[in-house]
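**Student:** pasting the sequence and the predicted model now:
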Amino acid sequence: MAPLAAEDCWGPPGILSGAAFQKNRLSNIAAAYSTLFEDDYVARLLGRPALPLQRLAEVLNRHRHSVEAELSQLAWAHFRRRTRRATGYPRYYVFECYQAAALFLLDNAGGLAAEEAAVVLRGRFPDFKGQHEEAPPGFPEASSQIGVTTFFTELVKRPELRAMLWPDARNLPFPQRLRESEQRRELLSAMARLGGAYIDLYLLAMREAGSFELRPAPSTDTQEGGPARAFVELLNRQRTERGFHAFYELHGAAGAFDTLLAVNFSQVPTARLAELSEIFGRSLQHQAPVGRMSGGVSKRLVGQFRMPGFPLVLISTDVLQEGEDLHTFCRNVVHYGIAWTPSSMEQRTGRIDRIGSLVQRQLDGRDTPAEPEEKIQVLYPHLADTIEVLQVRRVLDRLDRFMRLMHRRDVEHAQYQSTIDKNVEMIAGLPELSPPQGPLESAFPVRQDWLRGELGQKAATPIPIETLSNHFESIWKRLVQALDVREPEVGSNQREGLLLFHGRRLAPRGIAPKAEGVRHQFFRLALRSRALGDATLIRCESPVGLVDLSDQETVAELHDLQRTLGHARVCAHRDLRHKSHHIAVEASLLFHPETSQYEEVEALVREVTLQADWIEEVLLARDAEAGQDLWEEPS
């Protein structure tokens, strides 16, 4: 590998700065660090044995050399689909290709491992086709990619630390358990790459390298675990250390995972596994220890402040006075600018004084009362012996009366002047104002059923979730039987499967997936959010593959294809890791348990999968047959 030029990195010339390490090592798909935060899915399904490749051969009941040869063919064929690189084999791409290839072999082996392998394969590598092609000399071997050491393969060796950073939801079915595991893994990965934890990771990597000198990145991890093992050991030591460090940030996110999804990443629960890296990366990039906001609200900065890491301090004008929640990891408010209106001051404090706040999460369920420093801290900095003392006094007095007026009936209104007589006020001195204690009262009647949460049947329209799910399940079972759907996955109101095509027709029932001339087309059916009354939407989507949209010819071709689709549409989902887009065909129908018929759902699946298969042929030049009518309807 050629030495890195100074213009190829960020920071001082000749120094491997934090930004240069991020760009050239962690984000470089060819560097050894590119797989640092991946998981070895094959080893995971096999029980993480010491020799996973040998164990894979035993499960398949085949000789290891035979398995390695077929893995090489499958991985190379998929590698050719993933990239058009003329030279070189980027480590990250090769790792993904071998993982998908091994999962494919497990999937075809039968048994429990096959069922779980199918779930991982279709969720993590949905565009894998299972094609074979002889690999050229020099293509990495399977032994270097199955059983690879990563941060997460090392983390599982420390059960106590793993439970604090990457807990396993063992009480869920495997598809849901995989989704949560991948969501947590991608969040921790993004935080370690982009947040405060990256400082510890960078310094650790420089310590491992022995120098800050700018050198060519290693092509392989020659240190038998290298930074992965060292980072796990560092986090384990930090468990008992106070202060802000990598463990504090990652453990905070793991403990508040559900809260963070609700306030920052609401799209994650329904997103594809392949989209998670882009979602977290887009939200967490460009972090700084101190954030500032004026003129308008930066949603990304607000979201970052709701995380346990950077920014640790957020300085803002009144743009954040209302409308945004900042409570998840903040307990201190400093009112540098004072408003005369008590409600304005309370609105500012109300950004962190909310249900589910850091203070509430730490104090809920405790038998002992909170210490003063454990409560929300509201500060009013001012200069002593100046007019600011009088301003703070007036504001505190108004706030105290405002709180009592809102929650008690025996407080009389007071008339305040808009000016301050500093001579009189200075002589009066600063009174001691104690905040209200105990449960708050209300000047308005409160019904007991409101306090118990009993709103009555007219307060909300119930959604017939069970009826919708049952109807969805019955239609899915008919689809599996009528269209010979392969490898169905059971999820939460979603199903995934594989259709086989001969030419432009669905393959006859019973045909082997590996038969010559047969193409695989993966699709997903899912119930979406409520649309109208007690009806919802049912969406069908089918992936095409990774496409580089920086190529204007490709964009123009996609535009022309979109115009011919009609009901369905071409959707592009950005993949930052691969610096390209996942292309898929999607379409939706209104779904109701009483009116939706099987035939319209089947037509939806046929339309979407047929068009996705066709676009893959046209756009990516695969499997096309000369002179064939691409729009011939399937039988």
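**Tutor:** Ah, there it is.

**Student:** pLDDT value on R85, please?
**Tutor:** pLDDT for R85: 69.

**Student:** repeat for G281
**Tutor:** Here the pLDDT value assigned to G281 is 91.

**Student:** does it touch L187 like I think?
**Tutor:** No. G281 is beyond contact range of L187, at 10.3 Å (criterion: C-beta atoms under 8 Å). C-beta: built from backbone N, CA, C; applies to glycine.

**Student:** report the buried residues of stretch 170-182.
**Tutor:** F174, P175, R177, L178, R179, E180, S181, E182 (16 or more other C-beta atoms under 10 Å).

**Student:** do stretch 97-111 as well
**Tutor:** C97, Y98, Q99, A100, A101, A102, L103, F104, L105, L106, D107.

**Student:** pull the CA atoms of that stretch into PDB?
**Tutor:** This file holds the C-alpha atoms of stretch 97-111, laid out as PDB (Å, rounded to 0.1, in the frame of the first residue of the first chain):
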ATOM      1  CA  CYS A  97     -19.700 -11.600   1.300                       C
ATOM      2  CA  TYR A  98     -18.300 -14.500   3.300                       C
ATOM      3  CA  GLN A  99     -20.800 -14.000   6.100                       C
ATOM      4  CA  ALA A 100     -23.700 -14.100   3.600                       C
ATOM      5  CA  ALA A 101     -22.300 -17.100   1.900                       C
ATOM      6  CA  ALA A 102     -21.900 -19.100   5.100                       C
ATOM      7  CA  LEU A 103     -25.400 -18.100   6.200                       C
ATOM      8  CA  PHE A 104     -26.700 -19.300   2.800                       C
ATOM      9  CA  LEU A 105     -25.100 -22.700   3.300                       C
ATOM     10  CA  LEU A 106     -26.600 -23.000   6.800                       C
ATOM     11  CA  ASP A 107     -30.000 -21.900   5.500                       C
ATOM     12  CA  ASN A 108     -30.000 -24.800   3.000                       C
ATOM     13  CA  ALA A 109     -28.800 -27.400   5.600                       C
ATOM     14  CA  GLY A 110     -32.200 -27.600   7.500                       C
ATOM     15  CA  GLY A 111     -32.900 -27.600  11.200                       C
END
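
**Student:** identify the residues contacting that stretch?
**Tutor:** 40-42, 45, 56, 59-60, 67, 70-71, 74-76, 78-79, 82, 113-114, 117-118, 120-121, 124-125, 128, 130, 140, 142, 145-146, 487, 513 (C-beta atoms under 8 Å, 6 or more residues apart in numbering).

**Student:** the residues you listed in helices, which ones?
**Tutor:** 41-42, 45, 56, 59-60, 67, 70-71, 74-76, 78-79, 82, 113-114, 117-118, 120-121, 124 (DSSP state H).

**Student:** how far is the helix or strand A163 falls within from where the chain is centred?
**Tutor:** Assessed by DSSP states H and E, A163 sits inside helix 159-165. Distance of helix 159-165 from the chain centroid (C-alpha atoms, centre = their mean, to the nearest Å) equals 20 Å.

**Student:** so what touches that helix?
**Tutor:** The contact list for helix 159-165, computed with C-beta under 8 Å, 6+ apart, reads 155-156, 168, 188, 232, 235-236, 239, 247, 250-251, 254-255.

**Student:** mark which of the residues you listed are buried, thanks.
**Tutor:** The neighbour count (16+ other C-beta under 10 Å) marks L155, V156, L188, V232, L235, N236, F247, L250, H251, A254 as buried among the contacts of helix 159-165.

**Student:** thinking again about what came up before, mind giving me the packing neighbours of the following helix or strand past the helix holding A163?
**Tutor:** Per DSSP H and E, the first helix or strand lying C-terminal to helix 159-165 is helix 174-194. Under the contact definition 3 or more C-beta pairs under 8 Å, 6 or more residues apart in numbering; DSSP states H and E, helix 174-194 sits against helix 112-124, helix 197-209, helix 246-255, helix 257-263, helix 276-284.

**Student:** between helix 174-194 and helix 246-255, how big is the angle?
**Tutor:** 150 degrees (axes from the mean of the first three to the mean of the last three C-alpha atoms, to 10 degrees).

**Student:** got the CA coordinates for helix 174-194 in PDB?
**Tutor:** Extracted in PDB, the C-alpha atoms of helix 174-194 (Å, rounded to 0.1, in the frame of the first residue of the first chain):
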ATOM      1  CA  PHE A 174     -35.300 -15.000  17.400                       C
ATOM      2  CA  PRO A 175     -36.400 -12.600  14.700                       C
ATOM      3  CA  GLN A 176     -37.300  -9.900  17.300                       C
ATOM      4  CA  ARG A 177     -34.200 -10.700  19.300                       C
ATOM      5  CA  LEU A 178     -32.000 -10.300  16.200                       C
ATOM      6  CA  ARG A 179     -33.600  -6.900  15.400                       C
ATOM      7  CA  GLU A 180     -33.100  -5.500  18.900                       C
ATOM      8  CA  SER A 181     -29.500  -6.900  19.000                       C
ATOM      9  CA  GLU A 182     -28.700  -5.300  15.700                       C
ATOM     10  CA  GLN A 183     -30.300  -2.000  16.700                       C
ATOM     11  CA  ARG A 184     -28.200  -1.900  19.900                       C
ATOM     12  CA  ARG A 185     -25.100  -2.900  18.000                       C
ATOM     13  CA  GLU A 186     -25.400  -0.200  15.400                       C
ATOM     14  CA  LEU A 187     -26.200   2.400  18.000                       C
ATOM     15  CA  LEU A 188     -23.100   1.500  20.100                       C
ATOM     16  CA  SER A 189     -21.000   1.400  16.900                       C
ATOM     17  CA  ALA A 190     -22.100   4.800  15.800                       C
ATOM     18  CA  MET A 191     -21.500   6.300  19.300                       C
ATOM     19  CA  ALA A 192     -18.000   4.700  19.500                       C
ATOM     20  CA  ARG A 193     -17.100   6.100  16.100                       C
ATOM     21  CA  LEU A 194     -18.700   9.600  16.400                       C
END
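
**Student:** and that helix with helix 276-284, angle?
**Tutor:** Using the same axes, to 10 degrees: helix 174-194 against helix 276-284 is 40 degrees.

**Student:** per-residue confidence averaged over helix 174-194?
**Tutor:** Taken as a whole, helix 174-194 has an average pLDDT of 94.

**Student:** before we move on, the earlier item: same list, the buried residues of stretch 170-182, but as CSV with distance to N28 please.
**Tutor:** Formatted as CSV, the buried residues of stretch 170-182 follow (distance: C-beta to C-beta, whole Å):
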residue, distance to N28
F174, 33
P175, 32
R177, 32
L178, 28
R179, 28
E180, 29
S181, 26
E182, 23
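
**Student:** the buried residues of stretch 97-111 in strands, which ones?
**Tutor:** If you go by DSSP state E, the buried residues of stretch 97-111 have nothing in strands.

**Student:** I'd like these as TSV, with distance to L51 and pLDDT appended.
**Tutor:** Below are the buried residues of stretch 97-111 laid out as TSV (distance: C-beta to C-beta, whole Å; pLDDT from 0 to 100):
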residue	distance to L51	pLDDT
C97	21	94
Y98	16	95
Q99	17	95
A100	21	95
A101	18	95
A102	14	95
L103	18	95
F104	20	94
L105	16	94
L106	16	93
D107	21	91
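
**Student:** ok, of those residues, which one's closest to R563?
**Tutor:** A100 (32.9 Å; C-beta to C-beta).

**Student:** ok, and for whatever helix or strand V618 lives in, which residues are buried?
**Tutor:** Mapping V618 onto the secondary structure by DSSP H and E places it in helix 598-620. Under the neighbour-count criterion of 16+ other C-beta under 10 Å, helix 598-620 has 601, 604-620 buried.

**Student:** was I right about L121 contacting G130?
**Tutor:** No. Using C-beta under 8 Å, L121 is not in contact with G130, being 9.3 Å away.

**Student:** still on that earlier bit, counting neighbours, go ahead and name the busier of G281 and L187.
**Tutor:** Set side by side, G281 and L187 show more neighbours around L187, with 27 against 19, by other C-beta atoms under 10 Å.
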